[in-house]
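[1] Sequence and predicted structure are below.
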Amino acid sequence: MELKDKKVLVFGTGLSGIGAAALLYKKGAEPVIYDGNVKTEPEQVKEKLGKDIPARILIGNLPEEVLDELDLAVLSPGVPIDIPAVNMLRDRGIPIWGEVELAYANSKGNVLAITGTNGKTTTTSLLGEIMSLHQESVFVVGNIGTPYTGVALETDEESVTVAEISSFQLETIDTFRPKVSAILNITPDHLNRHHTMEEYIRVKESIAKNQGEEDTCVLNYEDEALREFGKTLKCQVLFFSSLRTLEQGIYLEEGRITYRNGEKKTVICHVSELNLPGRHNYENVMAAAGMALSYGVPAEEICMAVKQFQAVEHRIEYVTEKNGVVYYNDSKGTNPDAAIKGIQAMDRPTLLIGGGYDKESSYDEWILSFDGKVKYLVLLGETREKIARAARTCGFDNILFADTLEEAVKICAERAESGDAVLLSPACASWDMFPSYEVRGRKFKEYVRNL
């Protein structure tokens, strides 16, 4: 769609919405920014936009006369596609794009796109470092912090855009076509948004829906749904596995991350050379390496990048050691499966801080994964009673409650002994107490350092 002189509704005032509005303005469109939350302050939105981007700002109800003027609507990822305001747009035949679709339609070069329930940020960050070693024009975008719309107009034909793509963003793609895509894993998450596991899987798998024979999709062989999905694709498929040897693909063999292409085997690195603990991180490395290899990056460049790479903030991040107790920030463990990986990475007795916003998850598997490592489970947030019931049903009774994260940190510090670990890995989103998992993680680090 030619955007010049079009009136476009940007639904959402977060980073994605601001990025979309800026791109639209630069393309000659007239952005109208809308947020249904009546608590949103128009002046704060104007401040985020900056002086150079004039835009009409609407808060609360969406006026009928505005709907009559619209040529396009762009949804931020946090906006559910089935709410009344979006249905009003749809009923009027107004085209609805997501922020990713808008960015893709206005960018150049190739896209390497990563989705999955867990591991997206680490894999995206690592792949970004690999690609930056390989060529000059590389952009790392998505949930990782920089909106795709924020850099789309800076790309050229030689650019590579490495994109972390959530299920929320995949709901609103149309022509989006990565040169290489990856689905790391699919476990229950965001069911309050997608309603059924079948729909969540369908949305995740849509990352590859426009890929053709010259494109590649990298998939986790140990995920049964993805193994079957690979059989249906028109594009090339590259599997990775941390549990078995593959005749074709990338896998773990005696501690070595190995790529096998027919009879030829190439060792990328040994896991002892990585700065990332845990089998889930080995899978992240395999996925990033597989994507880079599919793009044509030499194995020696991949090896160099993965050895240098450090863990991302908020994902099993070492904070400090106090009185012989090591503190880890895994605030990005926002669902039970991610939190399972957090506890699996611990190699000492652990006091675990959990709880938060309820995404309608089940916590039994998380509790059962404690495997004797967890000395105390300190719970807070709106899910604390729900998790406590699940824990007791699973036979775990060492449960303590806290009203704030700061109190939880103090409880752990009082109960921990030299040689223990304290791990924030909530298995829940942060939205009941904090605006984001990043804020939660930074506050945790602040409270720990102030002990």
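    Thanks, I have the structure now. Numbers count the residues shown, from 1 in each chain.
[2] Per-residue confidence, the most centrally placed residue in the chain, what does it come out as?
    The geometric centre of the chain, computed from its C-alpha atoms, lies nearest to Lys120 (C-alpha atoms, centre = their mean), at 4.7 Å. Model confidence at Lys120, expressed as pLDDT, equals 88.
[3] Hmm, it is touching Ser167, no?
    No: with contact taken as C-beta atoms under 8 Å, Lys120 and Ser167 are classed as non-touching, separated by 10.3 Å. Where C-beta positions appear, they are placed from N, C-alpha and C, glycine not excepted.
[4] intersection of neighbour lists for these two?
    Contact criterion C-beta atoms under 8 Å, 6 or more residues apart in numbering; no residue bridges Lys120 and Ser167 by contacting each.
[5] rewinding a little: could you check how far the residue nearest to the centre of the chain is from Val448?
    Computed as C-beta to C-beta, to the nearest Å, the Lys120 to Val448 distance reads 26 Å.
[6] swap in Lys209?
    To Val448, Lys209 is 44 Å away according to C-beta to C-beta.
[7] Between these two, which has more neighbouring residues?
    Val448 (21 against 15; other C-beta atoms under 10 Å).
[8] correct me, but the more buried one touches Thr320?
    Yes: between Val448 and Thr320 there is a contact at 6.2 Å, judged by C-beta under 8 Å.
[9] tell me, what's touching these two both at once?
    Tyr327.
[10] Can you give me every residue that contacts Tyr34?
    9-12, 57-59, 62, 85.
[11] try it again with 6 Å
    Residues touching Tyr34, when contacts are defined by C-beta atoms under 6 Å, 6 or more residues apart in numbering, comprise 9, 11, 58.
[12] The second one: neighbouring residues, count only.
    Pointing back at Phe11 there. Taking other C-beta under 10 Å as the definition, Phe11 ends up with a neighbour count of 27.
[13] Distance check, the spatially closest residue to the residue nearest to the centre of the chain that is not a sequence neighbour against Val111.
    What sits nearest to Lys120 in space, not counting adjacent residues and going by C-beta to C-beta, 6 or more residues apart in numbering, is Glu164, at 4.8 Å. Here Glu164 is placed at a distance of 12 Å from Val111 (C-beta to C-beta).
[14] quick one: pLDDT of the residue in the chain sticking out farthest from the centre?
    In the chain, Glu65 marks the outermost C-alpha relative to the chain mean, sitting 36.9 Å out by C-alpha atoms, centre = their mean. pLDDT, Glu65: 87.
[15] After whichever strand or helix holds it, which helix or strand is next?
    Secondary structure assigned from DSSP states H and E places Glu65 in helix 64-67. The first helix or strand that comes after helix 64-67 along the chain, using DSSP H and E, is strand 72-75.
[16] Strands of the stretch 251-400 of the chain, residue ranges please.
    Shown for the stretch 251-400 of the chain, the strands assigned by DSSP state E, counting those that start in this stretch span residues 256-261, 264-270, 317-322, 325-329, 350-354, 374-379, 399-401.
[17] okay, the ones you listed in JSON lines with mean neighbour count, mean pLDDT and distance to Thr393 next?
    Below are the strands of the stretch 251-400 of the chain laid out as JSON lines (neighbours: other C-beta atoms under 10 Å; pLDDT from 0 to 100; distance: least, C-beta to C-beta, whole Å):
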{"stretch": "strand 256-261", "mean neighbour count": "19", "mean pLDDT": "95", "distance to Thr393": "39"}
{"stretch": "strand 264-270", "mean neighbour count": "15", "mean pLDDT": "94", "distance to Thr393": "41"}
{"stretch": "strand 317-322", "mean neighbour count": "15", "mean pLDDT": "88", "distance to Thr393": "31"}
{"stretch": "strand 325-329", "mean neighbour count": "24", "mean pLDDT": "93", "distance to Thr393": "27"}
{"stretch": "strand 350-354", "mean neighbour count": "27", "mean pLDDT": "98", "distance to Thr393": "16"}
{"stretch": "strand 374-379", "mean neighbour count": "22", "mean pLDDT": "97", "distance to Thr393": "13"}
{"stretch": "strand 399-401", "mean neighbour count": "16", "mean pLDDT": "98", "distance to Thr393": "12"}
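[18] okay if I get these as CSV plus distance to Thr187?
    Listed next are these as CSV, based on distance: least, C-beta to C-beta, whole Å:
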stretch, distance to Thr187
strand 256-261, 23
strand 264-270, 26
strand 317-322, 22
strand 325-329, 21
strand 350-354, 17
strand 374-379, 20
strand 399-401, 24
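[19] Any idea which of the ones you listed gets closest to Gly116?
    Between Gly116 and these, the shortest separation by C-beta to C-beta is 18.0 Å, and it involves strand 256-261.
[20] what does the closest one rub up against?
    250-251, 265-270, 286.
[21] Same check on stretch 227-234?
    Against stretch 227-234 from outside (C-beta under 6 Å, 6+ apart): 205, 208, 217, 219, 221, 237.
[22] Counting neighbours, which of these comes out on top?
    For these, the largest neighbour count, defined by other C-beta under 10 Å, is 30 neighbours, found at Leu219.
[23] so where does the closest residue to it other than its chain neighbours fall, helix or strand?
    The shortest distance from Leu219 to any non-neighbouring residue, by C-beta to C-beta, 6+ apart, is to Leu226 (4.5 Å). Using DSSP H and E, Leu226 sits within helix 224-230.
[24] just Thr146 next, same as before
    With DSSP H and E as the criterion, Thr146 is inside neither a helix nor a strand.
[25] Tell me how far the closest residue to Ala105 other than its chain neighbours lies from Leu70.
    Leaving aside its chain neighbours, Ala105 sits nearest to Thr175 (6.7 Å; criterion: C-beta to C-beta, 6+ apart). Thr175 is 20 Å from Leu70, where distance means C-beta to C-beta.
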